[in-house]
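In: quick check, what structure comes out for this input:
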Amino acid sequence: MILKGILAAMLNNGAKEDAQKVLDALQIKSGDTVADIGSGGGFFTFEFASRAGENGRVYAVDTDTAFLKRIKRIAEKQNIGNIETVVGAPDGCPLPQESCDLIFLRNAFHHIKNPGDYMKSLRDSLKPGGRIRGNRLGKKPSRALHGRALYRFGRYTENHGRSRLLTPHLP
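Out: Predicted coordinates for the structure are as follows:
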């Protein structure tokens, strides 16, 4: 558990790069429902919860239950009641149908085994007019892998999405 805490802190530090620009670009409003896919250490989850306010909801979605337990523990400790943790599935995202105003992915798409099915499940979770957004993947040694993942992300959102779904590179 200590190692997961250290990893979560490292993920959160990485998420802070250009975070304010990303958050502003997402235009989250009070009352919005947001899904944070690949929530990891929870940096964006807590930022989204603050912006969505008490009438909004944030789904922290991750396949790693240790990260989700950590997010839940912090939310309870800080009395943040609008965060719900959801264990992610490799073949689709288990969110309620037409529940999200915004679905956000950060450094998560390259972990998805079947992007077509996954994007369909995300699309089904969007409210009419909802958006899927993913931010830039940063300057990492594995940039080639991330570049291919972004290309696939764009391709699958075009083929499986609704209206204006994708801004592949937020600030």
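
In: what's in contact with the helix or strand that contains Ile103?
Out: Using DSSP states H and E, Ile103 maps to strand 100-105. Applying C-beta atoms under 8 Å, 6 or more residues apart in numbering, the contact partners of strand 100-105 are 26, 28-29, 32-38, 44, 48, 59, 93, 122, 125-127, 129-135, 153. All C-beta atoms are positioned from the backbone trio N, CA, C, and that covers glycine.

In: out of these, which are inside strands?
Out: Members of the contacts of strand 100-105 lying in strands (criterion: DSSP state E): 33-37, 59, 126-127, 129-134.

In: how far away is Met59 from Lys120?
Out: Small correction: residue 59 is Tyr, not Met. Noted for Tyr59: a distance of 17 Å to Lys120, by C-beta to C-beta, to the nearest Å.

In: still on that earlier bit, could you dump the ones in strands among the contacts of strand 100-105 to a markdown table with neighbour count?
Out: Formatted as a markdown table, the ones in strands among the contacts of strand 100-105 follow (neighbours: other C-beta atoms under 10 Å):
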| residue | neighbour count |
| --- | --- |
| Thr33 | 25 |
| Val34 | 28 |
| Ala35 | 28 |
| Asp36 | 28 |
| Ile37 | 26 |
| Tyr59 | 25 |
| Leu126 | 24 |
| Lys127 | 15 |
| Gly129 | 9 |
| Gly130 | 23 |
| Arg131 | 21 |
| Ile132 | 26 |
| Arg133 | 20 |
| Gly134 | 25 |
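
In: residues contacting Gly92?
Out: 117-118, 120-121.

In: wait, which of the ones in strands among the contacts of strand 100-105 is closest to Ala89?
Out: Of all the ones in strands among the contacts of strand 100-105, Ile37 has the smallest distance to Ala89: 11.4 Å, by C-beta to C-beta.

In: and which of the contacts of Gly92 is nearest Ile80?
Out: Ser121 (26.3 Å).

In: about what we covered before: lowest-confidence entry in the ones in strands among the contacts of strand 100-105?
Out: Among those, Gly134 carries the lowest pLDDT, at 78.

In: I figured that residue hits Arg106, correct?
Out: Yes. Contact criterion C-beta atoms under 8 Å: Gly134 and Arg106 qualify, at 6.8 Å.

In: overlap in contacts, those two.
Out: With C-beta under 8 Å, 6+ apart, Gly134 and Arg106 have no common neighbours.

In: where in the protein is pLDDT low?
Out: 1-18, 108-111, 135-171 (pLDDT under 70).

In: any idea where the helices of it begin and end?
Out: In the chain, the helices defined using DSSP state H lie at 2-15, 19-26, 43-52, 65-77, 115-125, 143-160.

In: mind listing what's buried in the shortest one?
Out: When you say that, I think you mean helix 19-26. 19, 22-23, 26 (16 or more other C-beta atoms under 10 Å).
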